[in-house]
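>>> All I have is the shape, not the residue letters:
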């Protein structure tokens, strides 16, 4: 698809969003129990401040940005491929399937590498997402709200089975770490694999035009001479890998892939190539705001990011449901 000159213009809202994201990142660097003085970082005597910044604050902020941007993009891909605004990794069983994959590989090979866990978790996430799509093809959908409800039900079944296995083989404590997102354990040397999520976001941007076409339906895609099956496989693989990488490294964080794409769609429309920069910025900014609130509301204690995003994202999800119900009515 060729962009018109108007589409190639830089939207001033994008520049403002970037500045806001930069400000939030600086606030994140300055927030924490340790009193870090950013003005003293260039002082040769401030060795402790430099250590805290380089070993903890910067890795944490970078991890937040990578998770937010990648999950926002993954949510839009799922919504395009399923052609439903209420589908995301957290409402399609993808996240729960990824957690099940981590549990299975941990039970079978406890000493396996993080990369191996990501590969196995991705395979389970892909299978869970494909299962939901198969179910949707066999059920008449009279309302778009049925899709997320089925996804939540499927995720609940997978989560219940995962909890049973964890209880049976004494992995409940480990399961809690995978199902509750938390950036407090992010340190230098323990977050670098999250750059895979950033690379997958770039892959989605390169395939943006094809994903946009796929979102218009199978018949339309095939009439244009585009291989619909390959686009579906690419999109689901990207979503599964992003979900697995994030769950393995920081745990499950709900609603990012649901709320962010809906907000961005209301602002810039459904063209994936145009929307991806906004998805990345808004997703990162949303997670940064939730993380900053989690570190300050009960200072010096910290509320896990999964809890904060679940509370705020759940409220926004209800607003989206009510708006859609009002339109249908």
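Cool, the structure landed. Everything numeric here is computed off the predicted structure, so don't read it as measured data. Numbers count the residues shown, from 1 in each chain.
>>> Check which helix or strand the spatially most central residue of the chain maps to.
Nearest residue to the geometric centre of the chain (Cα atoms, centre = their mean): residue 71, 2.0 Å. Residue 71 is part of helix 58-82, with elements assigned from DSSP states H and E.
>>> Could you check the angle the helix or strand following that helix makes with helix 58-82?
Remark: after helix 58-82, the chain's next helix or strand is helix 94-108, criterion DSSP H and E. Helix 94-108 and helix 58-82 are oriented at 120 degrees to each other (axes from the mean of the first three to the mean of the last three Cα atoms, to 10 degrees).
>>> Name the residues of helix 94-108 that are buried.
By 16 or more other Cβ atoms under 10 Å, the buried positions in helix 94-108 come out as 94-106. C-beta here means a position set from N, CA and C on the backbone, and glycine is covered the same way.
>>> Run a quick neighbour tally on residue 183.
25 (other Cβ atoms under 10 Å).
>>> any idea how far residue 158 lies from residue 101?
10 Å (Cβ to Cβ, to the nearest Å).
>>> got a list of contacts for stretch 233-240?
By Cβ atoms under 8 Å, 6 or more residues apart in numbering, the residues outside stretch 233-240 that reach it are 74, 77-78, 80-81, 89, 94, 98, 122-123, 125-126, 129-130, 200, 203-204, 207, 210-211, 214.
>>> Buried among those residues? Need that as a selection in PyMOL.
Selection command for PyMOL covering only the buried members of the contacts of stretch 233-240, criterion 16+ other Cβ under 10 Å:
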select buried, resi 74+77+78+80+81+89+94+98+122+123+125+126+129+130+200+204+207+210+211+214
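>>> tell me the contacts of residue 296?
residue 31.
>>> rewinding a little: tell me the mean pLDDT for the helix holding residue 71?
Helix 58-82 shows a mean pLDDT of 89.
>>> counting contacts, what elements does that helix pack onto?
helix 12-30, helix 114-138, helix 195-206, helix 208-214, helix 228-250, helix 256-268, helix 272-296 (3 or more Cβ pairs under 8 Å, 6 or more residues apart in numbering; DSSP states H and E).
>>> The last one to helix 195-206, inter-axis angle?
Using the same axes, to 10 degrees, one finds that helix 272-296 and helix 195-206 are set 150 degrees apart in direction.
>>> From the chain's centroid, how far away is helix 272-296?
10 Å (Cα atoms, centre = their mean, to the nearest Å).
>>> Check which element follows it along the chain.
Past helix 272-296, the next helix or strand by DSSP H and E is helix 305-328.
>>> Rounded mean pLDDT for that next one, please.
pLDDT averaged over helix 305-328 gives 77.
>>> and the angle for that helix with helix 272-296?
Using the same axes, to 10 degrees: helix 305-328 against helix 272-296 is 130 degrees.
>>> Need the contact partners of helix 305-328.
64, 85-86, 143-145, 179-183, 250-256, 258-259, 262, 286-287, 290-291, 293-294.
>>> By neighbour count, sort out the buried ones in the residues you listed.
64, 85-86, 145, 179-183, 250-256, 258-259, 262, 286-287, 290-291, 293-294.
>>> one step back: among the helices and strands packed on helix 58-82, which gets the worst mean confidence?
It's helix 208-214: among these, that one has the lowest mean pLDDT, namely a mean of 80.
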